[in-house]
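Trainee: Quick one, what's the 3D model for this:
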Amino acid sequence: MHISVLTLFPDHFTGPFDSSIIQRARKQNIIQIHLHNLREYALDAYKSVDDHPYGGGVGMILRVDTIDRALSAIKNMHPDNKTCTILLDPAGDRFTQQTAMNLAAYEHLIFVCGHYEGVDERVKLLVDSVLSIGDYVLTGGELPAMVMIDAVTRLLPGVLIHPESVIQESFSEADLLEYPQYTRPQTYKGMDVPPVLLSGNHAQITAYKNEQALQKTKARRPDLLTAKKGLSSTVR
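Mentor: The predicted model follows:
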């Protein structure tokens, strides 16, 4: 998979993409990450990418023409790939595990990182999806892009050493949180591992895990149980 990031701050991505699972995926050539500085697509001598908002207001807005030139150039680098273009925006659709699964089916992902007071509204007509990682405002779209790239990368074939773990994780199966897990020591400061997990009875263990996942979801995220199934994807 090719992953392109359009940003004003390419250096922000240096550390997170050079360690752990993403580093391994890059070394194995499962993903290729390309960072594109938005200023490279500005036409004036000052490399201007923003301007004052029409109608007044605080701050500066990223220009639609500059972003459009950048997107066209990046898409032309991989003309034969199935591409999805994502704008990171606090007002976008909520990014979920299902969204990550949908994005993992593409061959090329382009992330557009907003900054300052946002982007010209017309940029939203140039992208396939507008996504947010939560109901809060960050300095820019760089951190949300990192989150989404991490979530998508680990779903790609060959990335995880134990790919079956993806199925058992929170939000991946039956819209439930993952069941509680334990390891050694069996007893620690009066806290014991549930006896059923030590029984060796696989049927009972499976039933216990399912029940614990259900109870955990009811207590912490009841909205997952009441959400309607089969809603249209946030990725158009």
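Trainee: isn't Cys84 right up against His108?
Mentor: Yes. Taking CB atoms under 8 Å as the definition, Cys84 is a contact partner of His108 at 7.5 Å. Placement of C-beta: from N, CA and C, glycine included.
Trainee: quick one, strands of the protein?
Mentor: Remark: strands of the chain, listed N- to C-terminal, are 2-7, 32-37, 50-51, 61-62, 83-94, 108-113, 129-132, 187-188, 191-192; assignment by DSSP state E.
Trainee: Dump stretch 102-116 to PDB, restricted to CA.
Mentor: What follows is stretch 102-116, C-alpha atoms only, in PDB (Å, rounded to 0.1, in the frame of the first residue of the first chain):
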ATOM      1  CA  ASN A 102     -12.500  -0.100   4.800                       C
ATOM      2  CA  LEU A 103      -9.400   2.000   4.200                       C
ATOM      3  CA  ALA A 104      -7.200  -1.100   4.300                       C
ATOM      4  CA  ALA A 105      -8.900  -2.300   1.100                       C
ATOM      5  CA  TYR A 106      -7.300   0.600  -0.900                       C
ATOM      6  CA  GLU A 107      -4.000   0.600  -2.700                       C
ATOM      7  CA  HIS A 108      -3.200   4.200  -2.100                       C
ATOM      8  CA  LEU A 109      -4.300   6.500   0.700                       C
ATOM      9  CA  ILE A 110      -3.800  10.300   0.700                       C
ATOM     10  CA  PHE A 111      -4.100  12.100   4.000                       C
ATOM     11  CA  VAL A 112      -4.600  15.900   3.800                       C
ATOM     12  CA  CYS A 113      -3.600  17.500   7.100                       C
ATOM     13  CA  GLY A 114      -5.300  20.800   7.800                       C
ATOM     14  CA  HIS A 115      -3.700  23.500   9.900                       C
ATOM     15  CA  TYR A 116      -4.200  27.000  11.200                       C
END
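Trainee: Leaving out the residues flanking it, which one is nearest to Val58?
Mentor: Sequence neighbours aside, Glu117 is the residue nearest to Val58 in space, at 6.7 Å (criterion: CB to CB, 6 or more residues apart in numbering).
Trainee: how deep is that neighbour tucked in, by neighbour count?
Mentor: By the measure other CB atoms under 10 Å, the count of residues near Glu117 is 14.
Trainee: I'd like the numbering to begin with 27 instead of 1 from here.
Mentor: Fine by me, first position is 27 from now on; the one you just mentioned is Glu143.
Trainee: circling back to that earlier point, so which of the strands of the chain is nearest Pro170?
Mentor: Distances from Pro170 to each of those were compared using CB to CB; the minimum, 4.5 Å, belongs to strand 109-120.
Trainee: Break this structure down into its structural domains.
Mentor: Domain assignment for the chain by automatic domain parsing gives 28-179, 196-252.
Trainee: from those domains, which stretch is densest packed?
Mentor: With neighbours taken as mean count of other CB atoms under 10 Å, the domains of the chain reach their highest mean count in domain 28-179, at a mean of 17.
Trainee: pLDDT on that domain, on average?
Mentor: Averaging pLDDT along domain 28-179 yields 96.
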